[in-house]
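Enquirer: Quick one, what's the 3D model for this:
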Amino acid sequence: MLITEDEKERYKLEGSLLDFTRIFFKLRTGRNFELSMPEGRESHYITIIKELVRVARGETKHLIINVPPRYG
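Expert: I've put the predicted structure just below:
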């Protein structure tokens, strides 16, 4: 069974919230989604995505995310 390019893209987007965010951010805003790279820590986007994935898997039942204005 051959997998089409559209199916490959679909599986990629379903398997990675970060890839999904990058593609749809570009479609909605026309700009590239750029991750901040602070020295010695991971980007806050990566931290948020990890926690959202844990919620989707049912590992976390309650989640509050506070982001200061103009940081999103």
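Enquirer: Only C-alpha atoms from now on, for both contacts and neighbour counts.
Expert: Will do.
Enquirer: and the lowest-mean-pLDDT helix or strand in the chain, which residues are buried?
Expert: Ranking every helix and strand in the chain by mean pLDDT, DSSP states H and E puts helix 5-15 at the bottom, with a mean of 83. For helix 5-15, burial by neighbour count (16 or more other C-alpha atoms under 10 Å) applies to L13.
Enquirer: Quick check: the gap between N32 and E14.
Expert: 20 Å (C-alpha to C-alpha, to the nearest Å).
Enquirer: Same question for G30.
Expert: Counting by C-alpha to C-alpha - G30 and E14 are separated by 22 Å.
Enquirer: Show me the shaky parts of this protein.
Expert: Applying pLDDT under 70 to the chain flags residues 72.
Enquirer: which residue is nearest the centroid of it?
Expert: In the chain, the centroid-proximal residue (C-alpha atoms, centre = their mean) is L18; its distance is 2.8 Å.
Enquirer: Now do the contacts for that one.
Expert: By C-alpha atoms under 8 Å, 6 or more residues apart in numbering, the contact set of L18 is I46, I49.
Enquirer: mind listing what's buried in whatever helix or strand it lives in?
Expert: Using DSSP states H and E, L18 sits in helix 17-29. For helix 17-29, burial by neighbour count (16+ other C-alpha under 10 Å) applies to L17, R22.
Enquirer: So what's the gap between it and the chain middle?
Expert: 8 Å (C-alpha atoms, centre = their mean, to the nearest Å).
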